[in-house]
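> Provided below for reference: sequence and predicted model.
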Amino acid sequence: MTAGARALSWVLLAWLVAACNKASPGHSSGASSSAVPPGAVPVVSLPPSPPTPPPPIVRSEGMPGSFAPLARRADPAVATVKARVERQQHPGGRRRTVAEGLGTAFVYDPEGFLLTNNHVIEGATDILVSFVDGRDIKATVVGRDKHTDVAVLKVEEKGFPSLPLGDSDTIEVGDWVVAIGNPFGLSHTVSAGILSAKGRTRDDVKGLDPSGYFNFLQTDASINPGNSGGPLLNLKGEVVGINAAVRANANNIGFAIPINMVRQLLPMLLRDGKIRRSQVGVIVDVLNSIEAGRLKRPDRKGAWVKTVVAGGPADRAGIAPDDVIIGFEGKPISDPNELRWMASIAGVNKVITLRVARLERVFDVRLTLGELPELNEETDEP
């Protein structure tokens, strides 16, 4: 190759390199007025990622592999209750058995104290409790209360296995619960389910004593006749309720008395054998939307005073019809049932403070609670 040809080859090679550089990545084939800064990282468009699902809610009381260990620990403290009711046929005549009730009880104190429902032992002249170890022991009634359907029994033997009382305020809807009882005489039957609802009242469970005090736990654990008085347990083996009622013509809807309600009654039942109830001296009702608007209330919370008992504690304190009681001893009142309960167990002759709303005004009233007459309990209000 001649020198001229070699020079021409170098010129062509230089032109090809320059052309390649212009077409290299980062440059467009056309003219551009903006340059990419050195070190810039190209943005790559990717399809949007699917949203990350929230982590599953796992509680410390998650579903167990088996309820057997819980049932094995609790069962020795559960007893079958056989209550016999006898009547005299005529004065001076022989007594005859007119009824034999069957229910459940459980030991809560190893000194021989048991809890059950009042309706299991009401009117009984003879009560026998039978344990899983074969012992049949006569029991006596220490105290009972018809209006909450709670009764305390006592046996003379001591050292029984017992069930700890839990906290029914902290258990949540959806938590697992276990019931032990004697449905239809099938002793020591265990059933499990969840807590279906809380705060069920006599308006939810039809056919109950209208003078009663009810704040039921609702469960779908199977509860049938004979389960009454048995324990409703959380997964720690603590009693959170006393199984009490079944709604007629319903499937898997049972009710239990919250154990915190029972705790409040126990000292009085053990001391006096009954509940001596106090009262405010008003007849109250739910505040509906129409009355709430008329009374200029921002919500429907509280107990609407329909009638004030003449000469009673509320009357002497100046409470009037159409007042709305929204607080009792510093605790908010959401509905009439709360007021009835708090007033009934506060104590006869105790001085308490009510928070009252009268149209736009809100004020506190001090009054001394009276006693709710036992003879009129069927119709009287707090």
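That came in fine, so what should we check first?

> For the rest of this, base every contact and every neighbour count on C-alpha atoms.
Will do.

> what lines up beside whatever helix or strand L354 lives in in the sheet?
Element membership for L354, per DSSP states H and E: strand 351-358. As defined by DSSP bridges, the strand partners of strand 351-358 come to strand 324-328 (antiparallel), strand 361-368 (antiparallel).

> Can I get the shortest one as CSV, trimmed to CA atoms?
What it means is strand 324-328. Extracted in CSV, the C-alpha atoms of strand 324-328 (Å, rounded to 0.1, in the frame of the first residue of the first chain):
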residue,chain,number,x,y,z
VAL,A,324,-80.4,13.3,81.4
ILE,A,325,-78.1,11.6,83.9
ILE,A,326,-74.7,11.3,82.1
GLY,A,327,-72.3,10.5,85.0
PHE,A,328,-72.3,8.5,88.3
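
> Let me know the next secondary structure element after that strand.
strand 331-332.

> Contacts made by that following strand with the rest, please.
Here strand 331-332 makes contact (CA atoms under 8 Å, 6 or more residues apart in numbering) with G302, I326.

> And the average pLDDT for the helix or strand following it is what?
Remark: after strand 331-332, the chain's next helix or strand is helix 336-345, criterion DSSP H and E. Mean pLDDT, helix 336-345: 95.

> Give me the buried positions along helix 336-345.
P336, N337, E338, L339, R340, W341, M342, A343, S344, I345 (16 or more other CA atoms under 10 Å).

> tell me the contacts of the last one?
It refers to I345. With CA under 8 Å, 6+ apart, I345 has these contacts: L265, I275, R276, R277, S278.

> Chain neighbours aside, what residue packs nearest to R297?
Distance criterion CA to CA, 6 or more residues apart in numbering; nearest residue to R297, sequence neighbours excluded, is L359 at 7.0 Å.

> That neighbour contacts A292, doesn't it?
No - in this structure, L359 is not within contact of A292 by CA atoms under 8 Å, at 9.6 Å.

> Between those two, which has more neighbouring residues?
A292 (18 against 15; other CA atoms under 10 Å).

> starting at the chain centroid, how far to the host helix or strand of the more buried one?
Here A292, judged by DSSP H and E, is contained in helix 289-294. Averaging C-alpha positions (CA atoms, centre = their mean, to the nearest Å) puts helix 289-294 29 Å from its chain's average.

> avg pLDDT for it?
Mean predicted lDDT for helix 289-294 stands at 95.

> Quick check: buried residues in that helix?
Neighbour counts over helix 289-294 (16+ other CA under 10 Å) mark A292 as buried.

> just to revisit the earlier point, is it possible to get a markdown table of the contacts of I345 that adds secondary structure?
Below are the contacts of I345 laid out as a markdown table (DSSP: H, G, I helix; E, B strand; the rest coil):
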| residue | secondary structure |
| --- | --- |
| L265 | helix |
| I275 | coil |
| R276 | coil |
| R277 | coil |
| S278 | strand |
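
> P231: which of those residues is nearest?
For the contacts of I345, the residue nearest P231 by CA to CA is L265; the value is 16.9 Å.

> which residues does A179 contact?
A179 touches V190, S191, A192, A221, S222, I223, G230, P231, L232, L233, N243, counting by CA under 8 Å, 6+ apart.

> who touches the residue nearest to R297 in this structure?
L359 neighbours (CA under 8 Å, 6+ apart): L295, K296, R297, D323.

> now that we have those residues, which one has the most neighbours?
Highest count within the contacts of L359 by other CA under 10 Å belongs to D323, 20 neighbours.

> Report how many residues lie close to N224.
That count, for N224 with other CA under 10 Å as the rule, works out to 19.

> ok, and the closest non-adjacent residue to it?
In space, N224 is closest to P183, 5.2 Å off (CA to CA, 6+ apart).

> Just give me the neighbour total for that neighbour.
By other CA under 10 Å, neighbour count at P183 equals 20.

> Also K206?
For K206, using other CA under 10 Å, the count is 11.

> What residues are bridge-paired with R366?
Beta-bridge partners of R366, as defined by DSSP bridges: T353.

> what do you get for I127?
Beta-bridge pairing for I127 (DSSP bridges): A83, A139.

> gap between it and E156?
To E156, I127 is 13 Å away according to CA to CA, to the nearest Å.

> Then R200?
Taking CA to CA, one finds R200 at 36 Å from E156.

> Looking at those two, which is more packed in?
Counted by other CA under 10 Å, R200 and E156 do not tie: R200 has more neighbours, with 16 against 11.

> what about the residue lying closest to that one once chain neighbours are set aside, neighbour count?
Among residues not flanking R200 along the chain, F216 sits closest, at 4.7 Å (CA to CA, 6+ apart). Close neighbours of F216, defined as other CA under 10 Å, add up to 26.

> Direction-wise, compare the strand holding L354 with helix 336-345 and give the angle.
If you take axes from the mean of the first three to the mean of the last three CA atoms, to 10 degrees, strand 351-358 sits at 160 degrees to helix 336-345.

> Hmm, I275 and L265 touching each other?
Yes - L265 is within contact range of I275, at 7.4 Å (criterion: CA under 8 Å).

> So for the two, which residue has more residues nearby?
I275 (23 against 20).

> For that one, grab phi and psi.
phi -110, psi 120 (degrees, to the nearest 10).

> ok, it to R202 distance?
Counting by CA to CA, the gap from I275 to R202 is 20 Å.

> After the top strand by length along the chain, which helix or strand is next?
Longest strand in the chain by number of residues (criterion: DSSP state E): strand 95-109. As assigned by DSSP H and E, the chain's next helix or strand after strand 95-109 is strand 113-116.

> in that following strand, what counts as buried?
Buried, per 16+ other CA under 10 Å, within strand 113-116: F113, L114, L115, T116.
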